[in-house]
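> fold the following, please.
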Amino acid sequence: MKSLIVYSSQTENTKKLADLIFDTIEGEKEIFAVEEAPSPEGYDFIALGFWLMGGKPDPKAGKYLETLEKGQSLFLFATHGAARGSDHVKNAVDTAVSLTDNADVKGVFTCQGRVNPKVLEKVKQKPEPPVWIGDADEAVSHPDGDDLDRLQEIIKGLNL
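This is a model prediction of the structure:
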């Protein structure tokens, strides 16, 4: 099996998850930042990671999602300032899935991650701060050991 791990990371949170996925899966594999990622054509499995921007995958990851082929085996992973399991996160994952051409989504993993301090300061100044802003302080310590353990178990469970 030929696997491709692609990630977009602003504060190294998503990269940390991508590195763990790379280390966990077996077989022929490659890992790239989204800016350097090759075409997904010819890969049996793709893991794509992103951070949330405006309640959806960041623009670079969003564009890459649009290049996936119909039926391509896909695992999505994301980091965010919002609380895990929040509507904000669920909507972002739904948006990510909708950007693919009916890829075969094998699983999804999300966890909180430290928000870029410059972004955090900027959004705090908005007249109507985003819904996730109250969760951002808790996100600072993530991804933590528990997050990484959960992700590793999910990846192992995919039986790649």
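
> switch to C-alpha atoms for all contacts and neighbour counts from now on
Noted.

> list the contacts of residue 29.
When the contact criterion is CA atoms under 8 Å, 6 or more residues apart in numbering, the partners of residue 29 are 2, 3, 4, 5, 22.

> try 10 Å
Contact analysis of residue 29 by CA atoms under 10 Å, 6 or more residues apart in numbering lists 1, 2, 3, 4, 5, 22, 23, 43, 45, 46.

> out of these, which are buried?
When neighbours are counted using 16 or more other CA atoms under 10 Å, the contacts of residue 29 contain these buried positions: 3, 4, 5, 22, 43, 45, 46.

> just to be sure, which of those residues are found in helices?
The helices, defined by DSSP state H, take in residue 22 from those.

> picking up where we left off before, dump the contacts of residue 29 to CSV, plus distance to residue 87 and pLDDT.
As requested, the contacts of residue 29 are exported to CSV (distance: CA to CA, whole Å; pLDDT from 0 to 100):
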residue, distance to residue 87, pLDDT
1, 35, 90
2, 34, 96
3, 30, 97
4, 29, 98
5, 26, 98
22, 29, 98
23, 31, 97
43, 32, 96
45, 28, 97
46, 25, 98
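
> now for these, which pair is the farthest apart?
Distances among those were taken as CA to CA; the most separated pair is 23 and 43, at 17.5 Å.

> how near is residue 103 to residue 153?
22 Å (CA to CA, to the nearest Å).

> who's more crowded, those two?
A count of neighbours by other CA atoms under 10 Å puts residue 103 above the other of residue 103 and residue 153, at 20 against 11.

> report the contact partners of the more buried one.
46, 65, 66, 68, 69, 70, 71, 72, 73, 74, 75, 97.

> buried subset of those residues?
Buried by 16+ other CA under 10 Å: 46, 65, 66, 68, 69, 72, 73, 74, 75, 97, out of those.
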